[in-house]
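Chemist: coordinates for the following, if possible.
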Amino acid sequence: MKELGGECYRIIDAEYDTAQKLLQAPRWAVARTALSTLTDRRLERERRVPLLERRPRDRELELARELVERQQPRSPRKSLHFSSDFASGEFLFKYPTSMNQWSRRRKRIILSIVVFVLVVVIGAPVFFLFYRAPTCFDNSQNGDEKGVDCDGSCQLLCTTESLPLVFKGDPRVLKVADNTFEVVALIENTNVSGEISRAGYVIKLYDLNSVIPIRIIEGEIYVPKASTFAIFEGPFILEAEATPARAVLEWKKESLVWQDNIRRTPKLIAQDISFSREDTSPRLDATIENASLENVSNIDLVALISNETGNIFAASRTFIDTLPVGGRAPIVFTWPKSFGEKPLDINIIIRILPDRSFIQ
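Modeler: As a prediction, the model looks like this:
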């Protein structure tokens, strides 16, 4: 075998004895593969079969083609082409890369189609099978929520988005009669749209010298949005030797669940307030007018009487079942005995309850 360019391929396959004899002639040699030859602006891979004097016969070409393909079994058979180069006296078996590029492109297209079909046929049903739309009760922060099941489209407000309740003075212990007392606390909710359905609280009563409460009162109250409301407990009777001097009110923090309320609050007005029988059994008369465009039910009213220093020294409570649109209803607050001091300010706190179950 003749060597050309420092490299040669040895043919040992018995199936190609005839071709082997032809290629072993002095005129023939199987030479190296040119890895990069620029022809017509395309990068090609070539197998060169040099010819010194004549063009090979068809049978010689066919056998040489088979030998070249056997040396490069990964090259596609259909992409092997024969051409002549008279300038160098060589005949070339060429492997154009454009065919390989198209083959790779076709494989990518087929792979993309297969992946798309798998996603549509398998992925979509699996997605809809396991997908759960965000809700306000799934114990997760998702959708437009700003916290876990709160804010956004949820009714619950996040604690970080709500303002705390503000005490307007200390809770007051009021003596109604011998051994009979009431407790009242005035509280403001500054949240424009935030309310609490049932806010739990604990009131502890202490006498002058004790650090142990002489009575503990537990309850819950509806906290309306953007308003001032009153917690009113009593009247209740204590033992003769027990004289409460102060009260401490604490919230049950786990019950302070804020909810978003965007409904318009009905407008109720207290009018014609008059005070009578101050020296015997005081009586407070007033009229409540419904100035809104809807009927209003479950109206809770607390009257607070303050002295010249602004301290509350008397309180009373009443209730209105229903007040129609534009309607007026008289209300009366009474006390069993005189106050002992002159009332200077009268404040009627109006609170509309969601339903009668909130009546204490």
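Chemist: spatially central, which residue of the chain would that be?
Modeler: Most central in the chain under Cα atoms, centre = their mean is Asn142, positioned 2.4 Å from the mean C-alpha point.
Chemist: tell me the domain ranges of this protein?
Modeler: 1-129, 132-156, 162-260, 268-353 (automatic domain parsing).
Chemist: before we move on, the earlier item: my read: the residue nearest to the centre of the chain touches Cys136, true?
Modeler: No - contact criterion Cβ atoms under 8 Å: Asn142 and Cys136 do not qualify, at 9.9 Å. (Each C-beta comes from the backbone N, C-alpha and C, glycine too.)
Chemist: re earlier: among the domains of the chain, which gets the worst mean confidence?
Modeler: Of all those, domain 1-129 carries the lowest average pLDDT, namely a mean of 53.
Chemist: and the helices in this protein?
Modeler: Along the chain, counting by DSSP state H, helices occupy 17-24, 58-71, 97-118, 124-130.
Chemist: and the closest residue to the residue nearest to the centre of the chain other than its chain neighbours, how far is that from Ser153?
Modeler: In space, and not counting its chain neighbours, Asn142 is closest to Pro134: 4.0 Å by Cβ to Cβ, 6 or more residues apart in numbering. Distance of Pro134 to Ser153, given as Cβ to Cβ, to the nearest Å: 9 Å.
Chemist: compare the two (neighbour count), which wins?
Modeler: Neighbour count, other Cβ atoms under 10 Å: between Pro134 and Ser153, Pro134 has more, with 15 against 11.
Chemist: could you check how far the more buried one is from Gly340?
Modeler: 61 Å.
Chemist: how many other residues sit next to the closest residue to Leu186 other than its chain neighbours?
Modeler: Using Cβ to Cβ, 6+ apart and skipping the chain neighbours, the partner closest in space to Leu186 is Lys168 (4.3 Å). Residue neighbour count, defined by other Cβ under 10 Å, stands at 12 for Lys168.
Chemist: stretch 162-180: end-to-end distance?
Modeler: Terminal residues of stretch 162-180 are spaced 38 Å apart (Cα to Cα, to the nearest Å).
Chemist: got it, and stretch 141-160?
Modeler: 14 Å.
Chemist: got the contact list for it?
Modeler: Residues from elsewhere that reach stretch 141-160 (Cβ atoms under 8 Å, 6 or more residues apart in numbering): 134-140, 161, 191, 193-194, 256-260.
Chemist: neighbours of Ile312, how many?
Modeler: Using other Cβ under 10 Å, Ile312 is surrounded by 21 other residues.
Chemist: let me see the contact set for it.
Modeler: Contacts of Ile312 (Cβ under 8 Å, 6+ apart): Gly169, Arg172, Leu174, Val184, Leu186, Leu304, Ile305, Ser306.
Chemist: one more time with 10 Å, if that's ok
Modeler: Ile312 sits next to 168-172, 174, 184-186, 230, 304-306, 345, 347 when contact means Cβ atoms under 10 Å, 6 or more residues apart in numbering.
Chemist: before we move on, what about Ser197?
Modeler: Under the criterion of Cβ under 10 Å, 6+ apart, the contact list for Ser197 reads Glu220, Ile221, Tyr222, Val223, Ser255, Val257, Trp258, Gln259, Asn261, Pro354, Phe358.
Chemist: would you mind measuring from the closest residue to the last one other than its chain neighbours to Ala270?
Modeler: If I follow you right, that is Phe358. Spatial nearest neighbour of Phe358, chain neighbours left out: Tyr222 (4.8 Å); criterion: Cβ to Cβ, 6+ apart. Remark: distance between Tyr222 and Ala270 (Cβ to Cβ) = 20 Å.
Chemist: with neighbour numbers in mind, choose between these two.
Modeler: Applying other Cβ under 10 Å to Tyr222 and Ala270 shows that Tyr222 carries more neighbours, namely 21 against 17.
Chemist: would you check that the more buried one makes contact with Glu195?
Modeler: Yes - between Tyr222 and Glu195 there is a contact under Cβ atoms under 10 Å: 7.6 Å.
Chemist: give the residues shared as contacts by the two.
Modeler: Pro354.
Chemist: residues near Leu156, how many?
Modeler: When neighbours are counted by other Cβ under 10 Å, Leu156 registers 21.
Chemist: please apply the same query to the one 4 residues further on.
Modeler: A count of neighbours around Thr160, defined by other Cβ under 10 Å, yields 9.
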